[in-house]
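Q: fold the stuff below for me.
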Amino acid sequence: ISNTVSHILENENTFSSLFEVVTHDYRICTHSINTSVIGLLFGRFLSLKPHELNCLGTGLLLHDIGKVTVPQPVINKRGRLTVDEFKEMKKHPKAGMELLEHRSSVDVLSLKIVIQHHENLNGRGYPYGIGGNDIHLFGRIARIIDVYDAMTSNRSYAKAKRPFTVLAEMKDKMQGCFDENLLKEFIYFLGPEDQRKKRRSGDTIYSFPSVK
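A: Predicted coordinates:
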């Protein structure tokens, strides 16, 4: 709680942005908070540094901010979207980037999540269709957590599924969407114990060059 209060006081723009989501669609807000919490715990599991964790949590909290530009009938539609409706929905990563990129309080690492959380490892995602290592680590983490939380929660077009069922579908039916090694780490993270058992506190499992 104290960390959240400090974050609100130090990063007013972050929470004013989240408030825009609250007033547009509360379900998106709940999803944003869920992904941020899961992402911070997973990031700690991956031995990310404090600044990296802060950027990861902020990016996940704001990853769907662009949906404030998507008409509510599209967001709340029950059933499959039409081709045109899906085109509208696919605009939200770029829209989110445009809303946040000029706000100095939002780190460039957080923006990686906003723009890349629907990019697939096989290059068949959106908005740019990039793949492999062209997707930042944070984008690859966000892709996994975004899908996991969405599928384990009630949505306007589908009921929540059990975590094990969701992980099985992600592994077997969504091949090419995720970084397989990272997905394996995520499954270990959700499991009852650390499969490595002898993880040293100073270990960094994933690392990446800093972005200026």
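Q: use CA for all of it now, contacts and neighbours both
A: Noted.
Q: could you show me where the helices are in this structure, in order?
A: Along the chain, counting by DSSP state H, helices occupy 2-10, 12-24, 26-45, 50-61, 72-75, 83-89, 92-100, 108-116, 137-151, 163-172, 180-190.
Q: center of the protein, which residue is that?
A: In the chain, the residue lying closest to the centroid (CA atoms, centre = their mean) is A142, at 3.1 Å.
Q: list the residues that contact that residue.
A: Shown in contact with A142 (CA atoms under 8 Å, 6 or more residues apart in numbering): T35, G39, L60, I113, H117.
Q: need the helices of the chain in a markdown table with mean pLDDT and distance to Y157, can you?
A: Shown next, in a markdown table, are these (pLDDT from 0 to 100; distance: least, CA to CA, whole Å):
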| stretch | mean pLDDT | distance to Y157 |
| --- | --- | --- |
| helix 2-10 | 56 | 32 |
| helix 12-24 | 56 | 18 |
| helix 26-45 | 87 | 13 |
| helix 50-61 | 91 | 22 |
| helix 72-75 | 88 | 10 |
| helix 83-89 | 95 | 14 |
| helix 92-100 | 95 | 19 |
| helix 108-116 | 97 | 23 |
| helix 137-151 | 97 | 11 |
| helix 163-172 | 94 | 16 |
| helix 180-190 | 95 | 25 |
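Q: pLDDT wise, what is D194 at?
A: Listed pLDDT for D194 reads 48.
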